[in-house]
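# what follows is a predicted structure for the sequence shown.
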Amino acid sequence: MIGIMADSHDHIEAIRTAVELFNQVDVELVIHAGDLIAPFTAQEFMNLQPPLEAVFGNNDGERQGLRMAYEDLCILEDLKELKISGRNIVVIHGKEQRLVDALAQSGHYDLVVRGHTHHKEIIENKTLIINPGETCGYVSGEKTVVMFDPVDMSWEFFYI
C-alpha cells in the first residue's frame, strides 16, 4: 500500500495527522505531489516510518531551503519516476495540465500522481491519474489523502 498526498501548504497539524495515518496503515511508501511550502515541514515528515518521495510544487519558492531540510528524507525534484511492484509511476505537481495529459497518454506509466488543483480526482483510463486533493484543506475545506495498492491498482480516499 502507498500513501499519496499533495498540497500540504505547511499545515503542520494536517501533515501530522497524515503521517500518523500512514504509519498506522503501515504503508510501504508515501508520495507527496508538491507544495510542501516551508522547510520546517520536514520535521513532521521525519516521523514517517515508511520512506518519502516528494516533488516540488509551484508554491515551493524556497527550493534550496527545502532541499536542505529534506535531504535526509528524499531528493526533491520537479518530476519523479518510480517503479513500485512492477508499476511505472510518475509524480508531478501538475500546474501544467497539458504535461499531465501528455504523461498519461505517453503509454510509459501505469499511474500519474499529481496535485495542484486542491480537488480530489481519479481518472481511470489506460493510465490511472490520482490527485489526492489537498492535505491542508485551505481551498476545498476537505483534508484528503489516498491509499493506493500498486498490485491491483485499487485506491481509496481518506479524510483526515
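On my side now, so go ahead.
# so D10 sits in a helix?
No - per DSSP: H, G, I helix; E, B strand; the rest coil, D10 lies outside any helix segment and is coil.
# was I right to think it contacts A42?
No - contact criterion CB atoms under 8 Å: D10 and A42 do not qualify, at 10.6 Å. C-beta here means a position set from N, CA and C on the backbone, and glycine is covered the same way.
# strands of the chain, residue ranges please.
2-5, 29-32, 52-54, 79-84, 87-92, 111-113, 120-124, 128-132, 144-149, 154-159 (DSSP state E).
# now these in JSON lines, with mean neighbour count and distance to L21?
Formatted as JSON lines, the strands of the chain follow (neighbours: other CB atoms under 10 Å; distance: least, CB to CB, whole Å):
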{"stretch": "strand 2-5", "mean neighbour count": "28", "distance to L21": "7"}
{"stretch": "strand 29-32", "mean neighbour count": "26", "distance to L21": "10"}
{"stretch": "strand 52-54", "mean neighbour count": "23", "distance to L21": "14"}
{"stretch": "strand 79-84", "mean neighbour count": "14", "distance to L21": "19"}
{"stretch": "strand 87-92", "mean neighbour count": "21", "distance to L21": "19"}
{"stretch": "strand 111-113", "mean neighbour count": "27", "distance to L21": "17"}
{"stretch": "strand 120-124", "mean neighbour count": "13", "distance to L21": "15"}
{"stretch": "strand 128-132", "mean neighbour count": "24", "distance to L21": "12"}
{"stretch": "strand 144-149", "mean neighbour count": "22", "distance to L21": "7"}
{"stretch": "strand 154-159", "mean neighbour count": "13", "distance to L21": "6"}
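# what sits against S140?
118-120, 133-134 (CB atoms under 8 Å, 6 or more residues apart in numbering).
# over to A14?
Per CB under 8 Å, 6+ apart, neighbours of A14: 8, 135-137, 143, 160.
# what about 6 Å?
Residues near A14 by CB atoms under 6 Å, 6 or more residues apart in numbering: 135-136, 143.
# likewise L48?
Taking CB under 6 Å, 6+ apart, one finds 19, 30 in contact with L48.
# then V100?
By CB under 6 Å, 6+ apart, the neighbours of V100 are 94, 114.
# how about a cut-off of 7 Å?
By CB atoms under 7 Å, 6 or more residues apart in numbering, the contact set of V100 is 92, 94, 112, 114, 129.
# same question, L76
So L76 contacts 54-56, 66-67, 70 (CB under 7 Å, 6+ apart).
# pick out whichever of those residues sits closest to H108.
V55 (16.9 Å; CB to CB).
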